[in-house]
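In: Dropping the sequence and predicted coords here.
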Amino acid sequence: MANTLTGLIPDLYESLDVVSRELAGFIPSVTLDASAERAALNQAIRIPISPASAAEDVAPGQLPPDDGDQVIGNTPFTISKSRMVPFRWSGEEQKGINNGPGYSNIRRDQISQAMRTLVNEIETDLGKLAYLSSRASGTAGTTPFATNLSDTAQARKILSDNGAPLSDLQCVIDTTSGAALRTLAQLTKANEAGTTALRAQGTLLELHGFNIRESAGVATHTAGTGASYVTNGALAIGATVIPAQTGTGTILVGDVVTIGAFKYVVTSTLSGGSFTIGAPGLRAAVATGATITVASNFTANFAFSRSAIVLATRAPALPEEGDMADDRIMITDPRTGMAFEVSMYKQYRRVRYEIAAAWGCQNIKPAHTAIMLG
């Protein structure tokens, strides 16, 4: 196979440099399992999950206790998407465009757009993982940071109460929330914020231990029509399956329901008289007949511990014999770790380029994730 893409490498990395600096807030915030290895669509990947540990009394003796065995669980997920973005040129088109802006400049921009398309799809997939979260804070339909910084404080409280590690907290918000945050006086005054970065450059500051980023992939949720539901039976702390009765309408995946003093995220649709909420379940015991209130439409700004969200990226599968590509290379974005496959197919008096990636993502620890309603 002739090495015909070598001269294109500077354009490829220049395109990566442009795309990786745009509003891609999720990819740099999650645990990235990136590899240039090939993977088949729907290939399983298993993430090991360590169980909770129990303490024991120290008892001196001749030999140490014969204990310490643990069952290591796992959360499986799959390479759920294998996607590519093609573009091609004929010799006539190349000759014609060289009289204007130039073929190489337009080709570089096409590569940027192709990578941007794939990155945006990945960001959207990551944003939807908010629908598997444990609980929610804030008010549906109300933009966070309207007057103060309480929104991240409440999101941190949820994660702290759930036992999430607080050393690498992430919060990805939409641009509306970002604009509200940038207008808060205490963050634009250098004597209060400790820096002029937000005022001068618009850089979002770390808040309450969260690294704050913006993304165009933050999910917007259309709520179910459920009304007048109440719990069917008493429920203990930690329950995740919620029996519901007497109401009408739907309760959907991603809905936020208020039961007692807490807002929970629905992770399975109401069916057969019950629905499921995210781990670790109810924070307080609930009596039979407790009101279940479904929140209205909202933007799912996403707060989480980095280790709770995993993104695996691979190169799309190829037959052992190869295919008709004249050349292909893998390029890795040094900023995000994302790997893209670039292929070139020489055809009759024209050439076809293809930018491709395969990926899968999962919320492997719902208890360490929360929605900040907007």
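Out: Perfect, thanks for sending it.
In: For the spatially most central residue of the chain, which residues are in contact?
Out: Nearest to the geometric centre of the chain sits residue 126, at 2.6 Å (CA atoms, centre = their mean). For residue 126, the contacting residues are 26-27, 30, 217, 309, 311, 361, by CB atoms under 8 Å, 6 or more residues apart in numbering. All C-beta spots, glycine's among them, are computed from the backbone N, C-alpha and C.
In: Present those as CSV; the columns should include pLDDT and neighbour count.
Out: CSV is the format used below for the contacts of residue 126 (pLDDT from 0 to 100; neighbours: other CB atoms under 10 Å):
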residue, pLDDT, neighbour count
26, 91, 27
27, 90, 25
30, 92, 23
217, 91, 23
309, 94, 26
311, 92, 24
361, 93, 26
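In: what's the closest of these to residue 137?
Out: residue 309 (18.1 Å; CB to CB).
In: Could you report the distance from the nearest residue to the closest one once chain neighbours are set aside to residue 221?
Out: In this structure, residue 309 finds its nearest non-sequential neighbour in residue 30, 4.1 Å apart by CB to CB, 6 or more residues apart in numbering. Residue 30 is 20 Å from residue 221, where distance means CB to CB, to the nearest Å.
In: With residue 214 instead?
Out: Using CB to CB, we find residue 214 at a distance of 18 Å from residue 221.
In: swap in residue 126?
Out: For residue 126, the distance to residue 221 equals 15 Å [CB to CB].
In: least trustworthy helix or strand in this structure by mean pLDDT?
Out: helix 197-201 (a mean of 40; mean pLDDT, DSSP states H and E).
In: Let me know the next secondary structure element after that helix.
Out: Counting by DSSP states H and E, the element after helix 197-201 in chain order, helix or strand, is strand 210-214.
In: Could you list every helix and strand in contact with the one helix or strand residue 329 maps to?
Out: Applying DSSP H and E as the criterion places residue 329 in strand 327-332. The elements that strand 327-332 packs onto, with contact taken as 3 or more CB pairs under 8 Å, 6 or more residues apart in numbering; DSSP states H and E, are helix 9-19, strand 31-39, strand 339-347.
In: which one of those lies closest to residue 65?
Out: Of all the helices and strands packed on strand 327-332, it is strand 31-39 that lies closest to residue 65, at 34.5 Å by CB to CB.
In: Going by neighbour count, list what's buried in the closest one.
Out: 31-34, 38-39 (16 or more other CB atoms under 10 Å).
In: Give me the nearest residue to residue 352, chain neighbours excluded.
Out: Leaving out its chain neighbours, the residue that sits closest to residue 352 by CB to CB, 6+ apart is residue 88, at 3.9 Å.
In: which residues sit in contact with that neighbour?
Out: 347, 350-353.
In: Make JSON lines out of those and add distance to residue 247 and secondary structure.
Out: Shown next, in JSON lines, are the contacts of residue 88 (distance: CB to CB, whole Å; DSSP: H, G, I helix; E, B strand; the rest coil):
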{"residue": "347", "distance to residue 247": "60", "secondary structure": "strand"}
{"residue": "350", "distance to residue 247": "60", "secondary structure": "strand"}
{"residue": "351", "distance to residue 247": "60", "secondary structure": "strand"}
{"residue": "352", "distance to residue 247": "55", "secondary structure": "strand"}
{"residue": "353", "distance to residue 247": "54", "secondary structure": "strand"}
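In: from those, which is closest to residue 372?
Out: Relative to residue 372, the closest of the contacts of residue 88 is residue 353; by CB to CB it sits at 40.0 Å.
In: Who are the contact partners of that closest one?
Out: 86-88, 107, 110-111, 342-345.
In: so residue 40 touches residue 78, yeah?
Out: No: look at residue 40 against residue 78 with CB atoms under 8 Å: they stay out of range, at 9.5 Å.
In: rewinding a little: name only those of the contacts of residue 88 that count as buried.
Out: 351-353.
In: Return the member of those residues nearest to residue 118.
Out: Each of these was scored against residue 118 by CB to CB, and residue 353 proved nearest at 13.7 Å.
In: pLDDT averaged over stretch 142-155 - what is it?
Out: Per-region confidence: stretch 142-155 scores 92 on mean pLDDT.
In: Find out how far it is from the centre of the chain, if you would.
Out: 21 Å (CA atoms, centre = their mean, to the nearest Å).
In: Any idea how far apart the tips of that stretch sit?
Out: 15 Å (CA to CA, to the nearest Å).
In: For the remainder of this discussion, apply numbering that starts at 30.
Out: Yep, numbering from 30; the last one is stretch 171-184 now.
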